[in-house]
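Q: Just need the structure, nothing else, for what follows:
(chains A and B)
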2 protein chains.
Amino acid sequence: MAEQVRAIRTRQAILSAAARVFDERGYQAATISEILTVAGVTKGALYFHFQSKEDLAQGVLTAQNEDLLLPERPAKLQEVVDAVMLHTHRLRTNPMVRAGVRLSLDVNAGGLDRSAPFRNWVDKFTDLLEKAQAQGELLPHVVPAETADVITGAYGGVQSMSQALTEHQDLGQRVNALLRHLMPSIAQPSVLASLHLGESRAEEVYLEARQLAREQADEED
Amino acid sequence: MAEQVRAIRTRQAILSAAARVFDERGYQAATISEILTVAGVTKGALYFHFQSKEDLAQGVLTAQNEDLLLPERPAKLQEVVDAVMLHTHRLRTNPMVRAGVRLSLDVNAGGLDRSAPFRNWVDKFTDLLEKAQAQGELLPHVVPAETADVITGAYGGVQSMSQALTEHQDLGQRVNALLRHLMPSIAQPSVLASLHLGESRAEEVYLEARQLAREQADEED
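A: The predicted structure is shown next:
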């Protein structure tokens, strides 16, 4: 058991180091030896967990969606909003999430399949939108998979622009504006009126999700 | 005069070469000596027009908005749509435009100010939206500068996602979906009903803009 815990910690340390190096250098310029130095692990330990630079990058790309569960809400459209809000908060505070987003938008990462994070987001939003549709929350013409594509793409661009212009300082404001421009084309008016889209929502959802994660960890003890 | 024409052609050849090299390698890895080789010009000629790699990149970033004028329309919101459509067509067919977009989203381009293309787009859309507002085309709550920010950011992300997933093969479809999700939050219903948002619009607007450019060139002769 102690050995398993140690292996998980080593893997985590390697991934954190990889995130830092990819974030600073970009995929192309990053090297495994630099990741080894930052992680402070042996070559053997690294290759036990990851076979290549691409494998490390895929690990970082996957990690951006891990660990935090979204609190359930009666309106599934609010969960769509909350998923966006939670990601917005983590993008500004979690180096692994920032590195993952950066990698997924790195046009110079030749040879790296960057489609997984996009597909994960589209799948998550499609699922929530289908549930919202079943509950009568959506306008009649909405096609969940198409709307999921639009939200994912548009959100990615809004964060890129915020990064290029203000290093994400104005991300909350931009995300709020995006949601106010998208939701009226998706939601029934009565649902629209009850959605919480304010900037402060990002931190609220994050604190709630972290509390949820703690309670689950306590139950497992 | 002949000398001036030659200088413009040399500058153009250098910019095209720079676009190709930045597009293939990304900003960080591109070198001036590689751009010299591709352009087939002397070091002296290059430094006469551009002082540094950053200067070359700024030239490519600026070039993406040059040369083509948008045809005027009675509804200014249609001009907003047409600007998006024209860019969509050129992104798929013009290497300079593609390189400019790629540079503006290159998170690893440390030291390069990537804000200009975002600001140019926001200014253009703000201007058109203010005219649309003066003509009564917009819903009452719309703030032109904010909506211009949302369109610019969201469009940038939709094209990134299309590039990552299909190398821009499905860009037309994604842009159509984005516009169908944004316009209902912006346009008065009567204007909304008359907007042309179809995928075929991209090529139509491009052909019209090219014809317009030819007529203007003929007039200048």
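Q: for the record, mean pLDDT for stretch A:104-122?
A: Summarised as a single mean, pLDDT over stretch A:104-122 is 82.
Q: to the chain's geometric centre, what's the distance from it?
A: 13 Å (C-alpha atoms, centre = their mean, to the nearest Å).
Q: Please apply the same query to stretch A:88-95.
A: Relative to the mean C-alpha coordinate of its chain, stretch A:88-95 is positioned 9 Å out (C-alpha atoms, centre = their mean).
Q: Any part of that stretch near chain B?
A: No: taking C-beta under 8 Å from any C-beta of the partner chain as the criterion, stretch A:88-95 and chain B are apart, separated by no less than 12.7 Å. Where you see a C-beta, it was placed from the backbone N, CA and C, and this is true even at glycine.
Q: Pull out the buried residues from that stretch.
A: A:88-92, A:94 (16 or more other C-beta atoms under 10 Å in any protein chain shown).
Q: Okay, and which of those residues map to helices?
A: Counted as lying in helices by DSSP state H, out of the buried residues of stretch A:88-95, are A:88-92.
Q: out of those residues, who's nearest residue A:181?
A: Comparing those against residue A:181 with C-beta to C-beta picks out residue A:88 as the nearest, at 15.7 Å.
Q: give the contact list for that closest one.
A: Contact partners of residue A:88, counting by C-beta atoms under 8 Å, 6 or more residues apart in numbering or on different chains, are A:159, A:171-172, A:175, A:202.
Q: just checking, which of these belong to helices?
A: Counting by DSSP H, the part of the contacts of residue A:88 found in helices is A:159, A:171-172, A:175, A:202.
Q: Quick one: buried ones out of the residues you listed?
A: Buried members of the ones in helices among the contacts of residue A:88, counted by 16+ other C-beta under 10 Å: A:159, A:171-172, A:175, A:202.
Q: Show me the domain layout of chain A.
A: According to automatic domain parsing, chain A comprises the domains A:2-63, A:76-220.
Q: isn't residue A:96 right next to residue A:17, touching?
A: No: with contacts counted by C-beta atoms under 8 Å, residue A:96 stays clear of residue A:17, the gap being 10.7 Å.
Q: ok, the contacts of residue A:88 vs residue A:218, which is closest?
A: residue A:202 (25.2 Å).
Q: Check what pLDDT that closest one gets.
A: For residue A:202, the predicted pLDDT is 92.
Q: what do you get for the one 3 residues further on?
A: Looking at residue A:205, its pLDDT reads 93.
Q: and it, how far is that from residue B:156?
A: Taking C-beta to C-beta, to the nearest Å as the measure, residue A:205 falls 25 Å from residue B:156.
Q: ok, now residue A:141?
A: From residue A:141 across to residue B:156, the span is 26 Å (C-beta to C-beta).
Q: before we move on, the earlier item: which of the buried residues of stretch A:88-95 sit farthest apart?
A: A:88 and A:94 (11.2 Å).
Q: what sits in contact with each of those two?
A: Between them, residue A:88 and residue A:94 share no contacting residue, judged by C-beta under 8 Å, 6+ apart.
Q: Beyond the helix or strand residue A:100 falls within, next helix or strand please.
A: Residue A:100 is part of helix A:95-104, with elements assigned from DSSP states H and E. Sequence-wise, the next helix or strand downstream of helix A:95-104 (DSSP H and E) is helix A:115-134.
Q: And stretch A:136-149, what's buried?
A: A:137-139, A:142, A:144, A:146-149.
Q: ditto for stretch A:37-50
A: A:38-39, A:41, A:45-46, A:49-50.
Q: Show me the longest helix that occurs in chain A.
A: Longest helix in chain A, counting by DSSP H: helix A:2-29.
Q: now that helix: mean pLDDT?
A: pLDDT averaged over helix A:2-29 gives 88.
Q: Stretch A:51-66 too?
A: Mean predicted confidence for stretch A:51-66 is 85.
Q: contacting residues for residue A:178?
A: A:154-155, A:158, B:150, B:153-154.
Q: mind putting the buried residues of stretch A:88-95 in TSV, pLDDT included?
A: Below are those laid out as TSV (pLDDT from 0 to 100):
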residue	pLDDT
A:88	93
A:89	92
A:90	89
A:91	89
A:92	87
A:94	86
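Q: quick one: secondary structure of whatever residue of chain A ends up closest to chain B?
A: Among all residues of chain A, residue A:157 sits closest to chain B, at 2.1 Å; criterion: C-beta to the nearest C-beta. Using DSSP: H, G, I helix; E, B strand; the rest coil, the structure places residue A:157 in helix.
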